[in-house]
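*Asks:* Fold the following for me, if possible:
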Amino acid sequence: MLKDLQSATTLHNGVKMPWLGLGVFKVQDGEEVVSSVKAAIEHGYRSIDTAAIYGNEEGVGKAIAEVNVPREELFITSKVWNSNQGYDKTLAAFDETLNKLGLDYLDLYLIHWPVPAEGKYIDTWKALEKLYNDGKIRAIGVSNFQVHHLQDVIDQCDIVPMVNQVEYHPKLTQKELHTFCKNNNIQLEAWSPLMQGQLLDHPTLTEIANKYNKSVSQVILRWDLQNEVVTIPKSVKPHRIAENADVFNFELTNEDMEKINALNEDERVGPNPDEFNRV
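*Replies:* Numbering: from 1, shown residues only. Predicted coordinates:
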């Protein structure tokens, strides 16, 4: 399952999604994001995760156009922002995203947040279903959805989300959500897998990293993969992009996996999805 950067999970509609990708949250549009994405793809990454709110879709598209890798080998994800939720606005937002990326289709399109106060995520999902049925997206999913948000979609819509991208790291393992996703064939994906750097000096993780002669970052990313969670670490430095990918030549023992699982404190670095309503 986990041989190299091209190793992929199979989503419930049969589409293959790489287990490891590059996230570009807070990466500046222009040279920074272009060089980061090109470095990643040239190193062997095939999955790139952006979003409308990141403001760097044009740079991601420029990098894709400049690398010598066939489009069909890449897996490109973007997300509809909160202010564009609702059926018609989502369709328009998707067209704008596709235009900025300079692509004919997306591999994965996500609802960025449920924004419960707006009450629009069902209509937004129905727009994603239309785009999917029209062949403009190979897979559709959500981001930051809790169990009850997912259940709403399952109960009221035709297509079960293929992916749920959430904050996930050793201090926030979201076990109930992970179990629900597994039971409904929804692939869990981690954003902020390294907890924005807050875990890099953690004594338990440092001890495990030393045992395998790996960095703490590599141990955490390997833990993600062995928990069957897709992960998209962000970096703008080529040597870090390469380091984050060097996680396919070792395997954590069950004992070490349990030690990391036990670090959970339900601690977030991002907002609580039930309370985050910014549009």
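
*Asks:* low pLDDT regions in this structure?
*Replies:* For the chain, the stretches with pLDDT under 70 are 1.

*Asks:* in the longest helix seen in it, what counts as buried?
*Replies:* Using DSSP state H to define each element, the chain has its longest helix at helix 87-101. Residues 89, 90, 91, 93, 94, 97, 98, 100, 101 are the ones in helix 87-101 that count as buried (16 or more other CB atoms under 10 Å). C-beta: built from backbone N, CA, C; applies to glycine.

*Asks:* For the next helix or strand after that helix, which strands pair with it and how are they oriented?
*Replies:* Using DSSP states H and E, the helix or strand that directly follows helix 87-101 along the chain is strand 106-111. In the sheet, strand 106-111 lines up against strand 75-80 (parallel), strand 137-143 (parallel) (DSSP bridges).

*Asks:* For those strands, give me CSV that also has mean neighbour count and distance to residue 238.
*Replies:* Conversion of those to CSV gives the following (neighbours: other CB atoms under 10 Å; distance: least, CB to CB, whole Å):
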stretch, mean neighbour count, distance to residue 238
strand 75-80, 25, 20
strand 137-143, 24, 27
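
*Asks:* Tell me which of the ones you listed lies nearest to residue 27.
*Replies:* Between residue 27 and the strands paired with strand 106-111, the tightest spacing by CB to CB is seen for strand 75-80, at 13.7 Å.

*Asks:* Residues touching that closest one, excluding its own?
*Replies:* With CB atoms under 8 Å, 6 or more residues apart in numbering as the contact definition, strand 75-80 has outside contacts at 17-18, 21, 46-53, 57, 60, 64, 90, 93-94, 97, 101, 103, 106-112, 124, 128, 143.

*Asks:* Next, the angle helix 87-101 makes with it.
*Replies:* With axes from the mean of the first three to the mean of the last three CA atoms, to 10 degrees defining the directions, strand 75-80 sits at 140 degrees from helix 87-101.

*Asks:* quick one, helices of the stretch 151-279 of the chain?
*Replies:* Listed in chain order, the helices found in the stretch 151-279 of the chain under DSSP state H, counting those that start in this stretch are 175-183, 203-212, 216-226, 238-245, 254-261.

*Asks:* Pick the most deeply packed of the ones you listed.
*Replies:* Highest mean neighbour count among the helices of the stretch 151-279 of the chain (mean count of other CB atoms under 10 Å): helix 216-226, with a mean of 24.

*Asks:* Now tell me what touches that helix from outside.
*Replies:* Under the contact criterion CB under 8 Å, 6+ apart, helix 216-226 has outside partners 2, 19-20, 168-170, 190, 193-194, 199-202, 205-206, 208-209, 212, 214, 230-231, 233, 240, 243-244, 246-247, 250-252, 257, 260.

*Asks:* now do 6 Å
*Replies:* Taking contacts as CB atoms under 6 Å, 6 or more residues apart in numbering, the residues outside helix 216-226 that touch it are 2, 19, 190, 193-194, 200, 205-206, 208-209, 231, 247, 252, 260.

*Asks:* quick revisit: any chance of JSON lines for the helices of the stretch 151-279 of the chain, columns distance to residue 26?
*Replies:* Output for the helices of the stretch 151-279 of the chain, formatted as JSON lines (distance: least, CB to CB, whole Å):
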{"stretch": "helix 175-183", "distance to residue 26": "24"}
{"stretch": "helix 203-212", "distance to residue 26": "23"}
{"stretch": "helix 216-226", "distance to residue 26": "17"}
{"stretch": "helix 238-245", "distance to residue 26": "14"}
{"stretch": "helix 254-261", "distance to residue 26": "26"}
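
*Asks:* closest one to residue 154 among those helices?
*Replies:* If you check each of the helices of the stretch 151-279 of the chain against residue 154 by CB to CB, helix 175-183 wins as the nearest, at 10.0 Å.

*Asks:* about what we covered before: and of the contacts of helix 216-226, the nearest to residue 278?
*Replies:* Proximity to residue 278 was ranked across the contacts of helix 216-226 by CB to CB; first place goes to residue 190, at 21.8 Å.
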